[in-house]
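*Asks:* how does the following fold in three dimensions:
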Amino acid sequence: MSHAHGHGHAPELAPQQAKRVRVLLAAIVVPLVLVALIGLVAIYPSTNTKMGSRAFLSQGSSLARLEVTSLDVTGCQGVFGGMQSGYGTTGSAGSSGATSSADSSLLKDAVCAKVIKGKGKGLVVPIHVPTESRKFVSVGDQVNAMYTPAAISAGTPFIFIDFERAQPVGILALVYLVVVVAVAGRKGVLSILGLAAALAVLVGVMIPALLAGTNPVVVVCVCALAMLILALYLAHGISVRTTTALLGTVAGLVVTVILAQLSAIYAHLNGASSEDAIALTTSVPGINMSALLVCGMVLAGLGVLNDVTITQASAVWELHGANPTMGTWKLARVAMRIGRDHIASTVYTLAFAYAGSALPLIMVAALIDRSVWATILSGEIAEEVVRTLVSSIGLVLAIPATTLIAAFLSVRTADKAGIANGAGVPTESSGANTVNAGSSHRGSHRADNGGASGAGASAGA
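*Replies:* Residues are numbered from 1 along each chain as shown. Now for the predicted structure:
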């Protein structure tokens, strides 16, 4: 009986050889896991996390949800007439109490909406909507608002906060989950679990540590390693192939961190060019915005970096499965043909991603009368350009690193399994002999059963 060597499957290892592989994996993975665990504990601030330290609502205010009933405020603007505070008396549309000229200005952009949750539930009231959001409001929209009793005398105690997006975003998230699970099956479920675990590290450890003033570069290195370990091993399982992708990703991560730090220093990028950055410096005094910029550069490229390394590692294993006779260097050379396609695609993938996220910034800069080169080198745009270049270099270098590691480990694993010089060599496992056949060579099969032996016919794969 003959056995064909299937594509993408690791050769079957004898117990002693499998033990060596497990020891090799443990020697690589265990130190990385320990570094990540110890690092997470070390950087997590036990006190003074500053998470939630700023109040969202003003004192005495509360949240409410309303449904827009009319874009014309005339039908509800007198509902608060005669009220002094709170809802001590029940107002109704058309009750006495004219608004002043100041009130009229507040009601200029207001709409009528029915309170469906919060203070005054059931009332149809005016709600002030900022000019930039007013044109997007339609009848039937649900919005979140802040109710301020002190503003009743002005006629608009309800102030627009944002649109209620739970339903559309929830439906989109559900569609995403269904599509991922339907197409990827069990691996899709595991990848979602890996994403959830990585996000837990981001929100539960990275953000509190950064807000507490911990060095952003140290924080991103520790958290990125932890997120990679969780995402990769949950989605793809613990194997030589996954460990190869992890090592390649770590190599790219190291390059990205070094380049990001050097670029921030020599390009004089202070990370405080945007309004959000300036607001953060006032809320978190002493925070190192330049180091935080480095942190953002590393984090921004992490997902794509992980993607290219796992696909490149898989490509190497598939090539080795198709032709187990290839040595390390030949396998690496062949796999880099695929790697070059990865490199070509990632060059514009990151550029387009950053251009899309910074499109308003680019458009504002284009309005200014100065040269294109000077515009590119201006503060905020220069940060995006450097971010793209640094992440791209890390990605490009991670691919050959992953390829070499994968080629070395796949060939060495196969050698331990008994594949050498293109010939199938029987290996004993659990009392039975198995044969690994190449794509064009013959293998033999023997079985021992209670002292009796039989001869198997040789067959071409």
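
*Asks:* poorly predicted segments of the stretch 151-300 of the chain, please.
*Replies:* Residue ranges of the stretch 151-300 of the chain with pLDDT under 70: 154.

*Asks:* what are the boundaries of the strands in it?
*Replies:* 158-163 (DSSP state E, counting those that start in this stretch).

*Asks:* which parts of it are helices?
*Replies:* 166-184, 186-201, 207-211, 216-236, 240-266, 275-283, 289-322 (DSSP state H, counting those that start in this stretch).

*Asks:* what do you get for the stretch 1-150 of the chain?
*Replies:* Counting by DSSP H, counting those that start in this stretch, the helices of the stretch 1-150 of the chain are 15-43, 101-107, 131-134.

*Asks:* worst mean pLDDT among those helices?
*Replies:* Taking the average pLDDT of each of the helices of the stretch 1-150 of the chain, the minimum falls on helix 101-107, with a mean of 54.

*Asks:* picking up where we left off before, ok, which of the helices of the stretch 151-300 of the chain comes nearest residue 47?
*Replies:* When these are compared by C-beta to C-beta, helix 207-211 sits nearest residue 47, at 10.4 Å. C-beta: built from backbone N, CA, C; applies to glycine.

*Asks:* including mean neighbour count and distance to residue 403, could the helices of the stretch 151-300 of the chain go into CSV?
*Replies:* Formatted as CSV, the helices of the stretch 151-300 of the chain follow (neighbours: other C-beta atoms under 10 Å; distance: least, C-beta to C-beta, whole Å):
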stretch, mean neighbour count, distance to residue 403
helix 166-184, 11, 24
helix 186-201, 16, 23
helix 207-211, 20, 34
helix 216-236, 23, 17
helix 240-266, 21, 8
helix 275-283, 12, 38
helix 289-322, 22, 6
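
*Asks:* would you mind getting the angle between the longest helix seen in the chain and helix 275-283?
*Replies:* As assigned by DSSP state H, the longest helix anywhere in the chain is helix 379-416. Interaxial angle of helix 379-416 relative to helix 275-283 (axes from the mean of the first three to the mean of the last three C-alpha atoms, to 10 degrees): 90 degrees.

*Asks:* which elements pack onto helix 379-416?
*Replies:* helix 15-43, helix 240-266, helix 289-322, helix 328-357, helix 359-366, helix 372-376 (3 or more C-beta pairs under 8 Å, 6 or more residues apart in numbering; DSSP states H and E).

*Asks:* in JSON lines: those helices, plus distance to residue 280.
*Replies:* As requested, those are exported to JSON lines (distance: least, C-beta to C-beta, whole Å):
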{"stretch": "helix 15-43", "distance to residue 280": "19"}
{"stretch": "helix 240-266", "distance to residue 280": "16"}
{"stretch": "helix 289-322", "distance to residue 280": "7"}
{"stretch": "helix 328-357", "distance to residue 280": "18"}
{"stretch": "helix 359-366", "distance to residue 280": "17"}
{"stretch": "helix 372-376", "distance to residue 280": "25"}
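
*Asks:* those: which one's closest to residue 383?
*Replies:* Closest among the helices and strands packed on helix 379-416, once you apply C-beta to C-beta, is helix 289-322, at 6.4 Å.

*Asks:* other SSEs contacting the closest one?
*Replies:* Under the contact rule (3+ C-beta pairs under 8 Å, 6+ apart), helix 289-322 is packed against helix 216-236, helix 240-266, helix 275-283, helix 328-357, helix 379-416.

*Asks:* any idea which of those helices gets closest to residue 112?
*Replies:* Closest to residue 112 of the helices and strands packed on helix 289-322 is helix 275-283 (C-beta to C-beta; 33.0 Å).
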